[in-house]
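J.: A predicted structure for the sequence below; I have some questions about it.
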Amino acid sequence: MNPFATTGRLTLDAVAEIGRIAQFAARSGASLFTGPFFSRAFWSAFLRIGYASLPVVGLTAIFTGAALALNIYDGSLRFNAESFLPQIVGVSIVRELGPVSAALMVAGRCASAMAAEIGAMRASEQIDAMSTLSVNPMGYLVAPRILATTIALPLLVLVADIIGIYGGYLVAVYALDFSGPAYIRNIDQFLQNRDIISGLIKAGVFGFLIALMGCYYGYYSRGGAQGVGSSTRTAVVASAVAILASNYFMTSLLVEI
Amino acid sequence: MSEAKKKIHVRGLKKAFGSNEVLRGIDLDVEDGKSMVIIGGSGSGKSVLIKCLLGVIKPDSGVIDIDGRNISRHTSADQRYMSRKSGMLFQGSALFDSLPVWENIAFRLLYAEKKPRKAAKEKAIECLALVGLSPEVGDLSPSELSGGMKKRVSLARAIASDPEIIFFDEPTTGLDPIMADVINNLILERVKALGATAISITHDMASARKIADDIAMLYQGQIIWRGKPEEMENSGNPMVDQFVHGRAEGPIQMQVKRR
Ligand SMILES: Nc1ncnc2c1ncn2[C@@H]1O[C@H](COP(=O)(O)OP(=O)(O)O)[C@@H](O)[C@H]1O
Ligand SMILES: [Mg+2]
């Protein structure tokens, strides 16, 4: 199997499906306005996605920040710009690497879990059963997950930003002989609110996309256990592609603000 | 024929999945308060038929008249109408495995009618008793239940909101003969107590004889025979004969291979 062909085919599939996915998103959004709000389902999704993702997001961030500091130090030495290391680490983490790496980790954890869970419910007729009990599965299963992930991801990214900068700090202070207080002061003076906010806006969009893909592919999964397996895989790939593609477009919009 | 009130009135119902024509013009009438049993081979479309009636699958064409309202257009209002009126025992029980047994039974009360949890739990425990299960079962998770218990819990969930129409999709499949009879008795008892109209699918002949007022046989997407349980033995219809006596040889050729 050629991985490039596979990725390409999946990307094309994803493009062809964007219309259906958008319609799915609209239906789940509509259920938030027309139907009852299932607060239990929301909070349980919020805890599972937000709180339970903290360790893995934190680990990713600290290593990303540390490696980033090493790389930037090495690169900036070539034109004697190593004193800007804290600023570059800060802005890279907050605007780009914090949101993207956290989103990719959450996509791996949660888009797959959502697709598997909802797909298994489809296969065992639980989704049909739910509508015969006068509860709209869009409102009970889909909308709370999308809402919870959209809110949880910016909060996770805020944590990832702090931990990522701390990872850079550890490397800068203990391996590269920077002064700790100066490192913090440099970042603090250099970073602007809009850097942080643009990262958090991205995170919200990523969260929305992750849950949308997880729910969509689970909801329309077909063919028993094998179907659940393939929808899980598709959900992870589709959300990763959606994160990276939307990241580019959002970045190009947000740098202009 | 007596002009009893028709609870369910189906004409020319068709449904295909791609090139697979599952229902090819179903005509079916069920009178108020009667128990109709639909028999037919595996894969003949029994579950699809029942799901069309239930408003879960959108039919391609035809009329589904439930208590004077045609729900075949499958609008969300039609679906709400049907879900308020009916209860369903799914083939694989379809219990929500993320919720304890009592929340399964009280699902509609909790999440559609927004009843307080305490009252809903009391109602769930009442329903558990009606299907012969003790209150402690309410706190178990569905994965901890045996097949027979799952069917009972699913029955309790189907009757929890006093439906006018109850659907049973193979209620005794996969159970031992004794447990199957227990479930048959429970079905008879609960349907009678509610005065509900029942539509059941089965290929268990003992179960069909026991719970049916009327029997219809589905074959190749159409109802090919209809009669009373006692007429089934001497229906004069070779296909019904073959099915009832479970013979591999006869006019019905099982599709071992897919076309
Ligand atoms: N959602 C679906 N999508 C595609 N085909 C389906 C679907 N549901 C049922 N079918 C097909 O319809 C036929 C009848 O299925 P079913 O009604 O489940 O049979 P049974 O009589 O055993 O209950 C089968 O060939 C099955 O593959
Ligand atoms: Mg079936």
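T.: Everything's here; your move. Residues are numbered from 1 along each chain as shown, chains lettered A, B, ... in the order given. Ligands and ions are numbered 1, 2, ... in the order given.
J.: how close does the residue located most distally from the centre of chain A sit to ligand 1?
T.: Distance from the centre of chain A peaks at residue A:80, with 35.4 Å (C-alpha atoms, centre = their mean). As for residue A:80, its distance to ligand 1 is 67 Å (criterion: C-beta to the nearest ligand atom, to the nearest Å). C-beta here means a position set from N, CA and C on the backbone, and glycine is covered the same way.
J.: does that residue count as helix, strand or coil?
T.: Classification of residue A:80 using DSSP: H, G, I helix; E, B strand; the rest coil returns coil.
J.: contact partners for it?
T.: Going by C-beta atoms under 8 Å, 6 or more residues apart in numbering or on different chains, residue A:80 touches no other residue.
J.: got the phi/psi numbers for it?
T.: phi 50, psi 40 (degrees, to the nearest 10).
J.: do the same with residue B:11
T.: Main-chain torsions, residue B:11, degrees, to the nearest 10: phi -140, psi 130.
J.: can you map out the helices along the stretch 51-200 of chain B?
T.: Ranges of helices in the stretch 51-200 of chain B, per DSSP state H, counting those that start in this stretch, are B:76-85, B:101-105, B:107, B:117-130, B:147-159, B:177-194.
J.: also the stretch 101-250 of chain A?
T.: Under the criterion DSSP H, counting those that start in this stretch, helices of the stretch 101-250 of chain A are mapped to A:112-123, A:126-132, A:137, A:143-174, A:180-190, A:193-219, A:224-254.
J.: as TSV, those helices with distance to ligand 1, mean pLDDT and mean neighbour count would be great.
T.: Below are those laid out as TSV (distance: least, C-beta to the nearest ligand atom, whole Å; pLDDT from 0 to 100; neighbours: other C-beta atoms under 10 Å in any protein chain shown):
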stretch	distance to ligand 1	mean pLDDT	mean neighbour count
helix A:112-123	10	96	24
helix A:126-132	10	95	23
helix A:137	15	94	21
helix A:143-174	23	96	23
helix A:180-190	55	92	14
helix A:193-219	13	96	24
helix A:224-254	11	93	18
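J.: okay if I get those as a markdown table plus distance to residue A:68?
T.: Below are the helices of the stretch 101-250 of chain A laid out as a markdown table (distance: least, C-beta to C-beta, whole Å):
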| stretch | distance to residue A:68 |
| --- | --- |
| helix A:112-123 | 27 |
| helix A:126-132 | 44 |
| helix A:137 | 43 |
| helix A:143-174 | 6 |
| helix A:180-190 | 13 |
| helix A:193-219 | 15 |
| helix A:224-254 | 17 |
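J.: read off the pLDDT value for the residue farthest from the centre of chain A.
T.: The confidence metric pLDDT takes the value 85 at residue A:80.
J.: quick one: which of the helices of the stretch 51-200 of chain B is nearest residue A:255?
T.: Judged by C-beta to C-beta, the one of the helices of the stretch 51-200 of chain B that comes nearest to residue A:255 is helix B:76-85, at 43.4 Å.
J.: wait, does that closest one make contact with chain A?
T.: Yes - shown here: helix B:76-85 in contact with chain A (C-beta under 8 Å from any C-beta of the partner chain) through B:79, B:80, B:82, B:83, B:84.
J.: need the residues that contact that helix.
T.: For helix B:76-85, the surrounding residues in contact (C-beta under 8 Å, 6+ apart) are A:131-134, B:53-55, B:66-67, B:69, B:71-72, B:163-165.
J.: filter those down to the buried ones, PyMOL style.
T.: Applied in PyMOL, the following selects the buried portion of the contacts of helix B:76-85 according to 16 or more other C-beta atoms under 10 Å in any protein chain shown:
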select buried, (chain A and resi 131+132+133+134) or (chain B and resi 53+54+55+66+67+71+72+163+164+165)
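J.: wait, residue B:139 touches residue B:102, no?
T.: Yes - using C-beta atoms under 8 Å, residue B:139 is in contact with residue B:102, at 6.8 Å.
J.: which of these two has more residues huddled nearby?
T.: A direct count of neighbours by other C-beta atoms under 10 Å in any protein chain shown for residue B:139 and residue B:102 places residue B:102 higher, at 25 against 12.
J.: how many residues are close by the residue nearest to that one when sequence neighbours are not counted?
T.: In this structure, residue B:102 finds its nearest non-sequential neighbour in residue B:138, 3.5 Å apart by C-beta to C-beta, 6 or more residues apart in numbering or on different chains. Other residues near residue B:138 come to 21 when the count uses other C-beta under 10 Å.
J.: if I pick residue B:138, what's in contact with it?
T.: Residue B:138 sits next to B:100, B:101, B:102, B:105, B:121, B:124, B:125, B:128 when contact means C-beta under 8 Å, 6+ apart.
J.: about what we covered before: turn the helices of the stretch 51-200 of chain B into CSV, including mean pLDDT.
T.: Formatted as CSV, those follow (pLDDT from 0 to 100):
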stretch, mean pLDDT
helix B:76-85, 92
helix B:101-105, 97
helix B:107, 96
helix B:117-130, 95
helix B:147-159, 93
helix B:177-194, 91
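J.: now the ones you listed in TSV, with distance to residue A:63?
T.: Shown next, in TSV, are the helices of the stretch 51-200 of chain B (distance: least, C-beta to C-beta, whole Å):
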stretch	distance to residue A:63
helix B:76-85	49
helix B:101-105	41
helix B:107	44
helix B:117-130	44
helix B:147-159	46
helix B:177-194	56
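J.: before we move on, the earlier item: redo the residues of helix B:76-85 next to chain A as CSV? Include distance to residue A:214 and neighbour count.
T.: Below are those laid out as CSV (distance: C-beta to C-beta, whole Å; neighbours: other C-beta atoms under 10 Å in any protein chain shown):
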residue, distance to residue A:214, neighbour count
B:79, 25, 19
B:80, 27, 15
B:82, 29, 23
B:83, 26, 24
B:84, 31, 13
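J.: for those, which one is nearest chain A?
T.: Closest to chain A out of the residues of helix B:76-85 next to chain A is residue B:83 (4.5 Å), distances taken as C-beta to the nearest C-beta.
J.: measure that closest one to residue A:36 for me?
T.: 15 Å (C-beta to C-beta, to the nearest Å).
J.: is ligand 1 within reach of stretch B:212-224?
T.: No - Stretch B:212-224 does not reach ligand 1 (C-beta under 6 Å from any ligand atom); its nearest approach is 7.2 Å.
J.: shaky segments in chain B?
T.: Scanning chain B for pLDDT under 70 picks out B:1-4, B:254-259.
J.: quick check: residues of it near chain A?
T.: The interface of chain B toward chain A, taken as C-beta under 8 Å from any C-beta, is made up of B:51, B:54-56, B:79-80, B:82-84, B:86-88, B:90-92, B:94-98, B:107-108, B:111-114, B:157.
J.: list buried residues within those.
T.: Of these, these count as buried by 16+ other C-beta under 10 Å: B:51, B:54-56, B:79, B:82-83, B:86-88, B:90-92, B:94-96, B:107-108, B:111-112, B:157.
J.: and whichever residue of chain A sits closest to ligand 1, what pLDDT?
T.: Residue of chain A nearest ligand 1, by C-beta to the nearest ligand atom: residue A:222 (7.0 Å). Residue A:222 carries a pLDDT value of 90.
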